[in-house]
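> below is the sequence, then the predicted model.
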Amino acid sequence: MSSSFRAPPIRTSSETDLLALLRVVWLQKAVIALVTLSIGVLAAVYAFAAVPVYAVSSVLRPTAINELDALNRSGVYALLPKDALTMVGASLEAYDTRLGFFRANQKLFETFVRPGRTLEQSFEEFNRNSFTLILPDPKKPDALNAFVKVEMSYLKGVDGVAILNGFVNYAITLERAQIASDLGVIVKNRLVELDGKLAAARSTYFTKKEAEIALLAEKDSLRKEQLQDELRALRSELKTRRNDRVEQLSEAIHIARSLGIIKPSTPSSLSELALNGRSNVMRTEINTQQIPLYFMGVDALEAERSALMRRKSDDFSEGRIAEIAKELQLLQSNRQIEMLNRRQDEDLFLEGVEHIRAEAARLRNINVDMGLLKLVVIDKEALEPLSPVFPKKGLIIALGLILGFALGVMVTFVRSIILARCESGPGHFSYPEPVVAVEGENRRLE
């Protein structure tokens, strides 16, 4: 009887070890299933027993430029939409804003209040991990990329939607109030500056007015003194002239008496006084020389001298004296000075302050309705979440089963190693003998 024999393929050591491991796993599949099921049950218990954690978010974007037009047209406060968004984002991130909202809405945070804790300690527990602020990438300054996203995670039983929406509105209202306060301070400072300029202009005006009054008074005083000096000089001159005339008349009277000229006469008439019977003859004398004063005769000269000596004032003899008296009378009161002193509203006469008054009036009439000022656009409000973000029950159970299976396999390996050592003695362990195939039948090789 003949038979053909073909040598079986020799398996490598690694293949032998892998087959042995699989064989061990298969033989102890019940243990693996038990461990996997146990860990899966524990994961399921945890997934259903854990307190759910929910998450909500709100997205803010820049408002339209026309929403800030009333503020920007004031010429006092300039604010761009992107800057307004940055301000609101900074307020949302600020500790003071969060603490202020916490204090103003304590009913929403009753879950975080514990006996023996202060309000600040309760706020710290809430603020530690509740809010997350997401800002756009600063490397992408595109206007379409500008946004501020606020996320909030909270446990079941907390009204997270009301808290987040209320917090966003609180921060916007706070920034709006801050802008109103800044606007008021800027306007107040500008008005103080303009009032200072008006005060300076008013001081300059009063100084100029006093200087003008003093100059006019000084000019009038100088003119009065000049006229008085001129009047005294004229009167002195007239008196001297009168005295000189009296002396001339006295001398002429003496000569006229010596010549026997009693009545006014002429030089030619003296030579014909001896002619008789010719008194009815009329003569005309033409003489280019001035006739001496004594030819006026004693009677005329004495009459004139007597009149001059009785004269008490010579003012009427000089027309300039009347003009001086007129000017002195006009200088008794300066109407321009009186008008300057009678001014009631001095501010009407200030120079170069029209633009200051116009600016002050404009600033006082600035009326920006902050209630209508829209700093940002709430692109997405917080909405009630449909499911919690933690725990993910399906994922936890799946991970529990995977972990249980891995742990079960590990337990079987450890158990097999321990059993093998107990059977072979300490320090010796071998896997089951390898299996070879021989033409239609299986047998073990020694």
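Perfect, I can see it now.
> for stretch 319-326, C-alpha coordinates in CSV please.
In CSV, the C-alpha atoms belonging to stretch 319-326 read as follows (Å, rounded to 0.1, in the frame of the first residue of the first chain):
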residue,chain,number,x,y,z
GLY,A,319,-13.5,186.1,17.8
ARG,A,320,-11.3,183.2,18.7
ILE,A,321,-12.2,183.5,22.3
ALA,A,322,-15.8,182.7,21.5
GLU,A,323,-14.7,179.7,19.5
ILE,A,324,-12.6,178.5,22.5
ALA,A,325,-15.5,179.0,24.8
LYS,A,326,-17.6,176.8,22.5
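> quick one: mean pLDDT over that stretch.
The pLDDT scores in stretch 319-326 average 92.
> what residues sit buried inside that stretch?
The neighbour-count check on stretch 319-326 (16 or more other CB atoms under 10 Å) flags Ile321, Ile324 as buried. (Each C-beta comes from the backbone N, C-alpha and C, glycine too.)
> what of stretch 79-86?
Counting neighbours by 16+ other CB under 10 Å, stretch 79-86 gives Leu79, Pro81, Ala84, Leu85, Thr86 as buried.
> which ones among these map onto helices?
Pro81, Ala84, Leu85, Thr86 (DSSP state H).
> quick check, the third one in contact with Val148.
So that's Leu85. Yes - applying CB atoms under 8 Å, one finds Leu85 in contact with Val148, separated by 6.1 Å.
> circling back to that earlier point, export the buried residues of stretch 79-86 to TSV and tack on distance to Val35?
Shown next, in TSV, are the buried residues of stretch 79-86 (distance: CB to CB, whole Å):
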residue	distance to Val35
Leu79	65
Pro81	61
Ala84	60
Leu85	55
Thr86	56
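> looking at those residues, which is nearest Ile179?
Ranked by distance to Ile179 (CB to CB), the buried residues of stretch 79-86 are led by Leu79 at 7.2 Å.
> that closest one: what's it in contact with?
Residues near Leu79 by CB atoms under 8 Å, 6 or more residues apart in numbering: Leu68, Leu71, Asn72, Ile179.
> cutoff 7 Å now
Leu68, Leu71, Asn72 (CB atoms under 7 Å, 6 or more residues apart in numbering).
> now the residue nearest to the first one when sequence neighbours are not counted: how far from Ile65?
Counting by CB to CB, 6 or more residues apart in numbering, Leu79 is the residue found nearest to Leu68 once chain neighbours are left out, at 5.4 Å. In this structure, Leu79 lies at 10 Å from Ile65, with CB to CB, to the nearest Å as the measure.
> who wins on neighbours among the contacts of Leu79?
Among the contacts of Leu79, Leu68 has the most neighbours (other CB atoms under 10 Å), with 23 neighbours.
> picking that back up, hey, what's in contact with both of Leu85 and Val148?
Jointly contacting Leu85 and Val148 under the rule CB under 7 Å, 6+ apart are Leu60.
> that older thread, show me which of the ones in helices among the buried residues of stretch 79-86 is closest to Gly371.
The shortest approach to Gly371 among those belongs to Ala84, at 15.7 Å (CB to CB).
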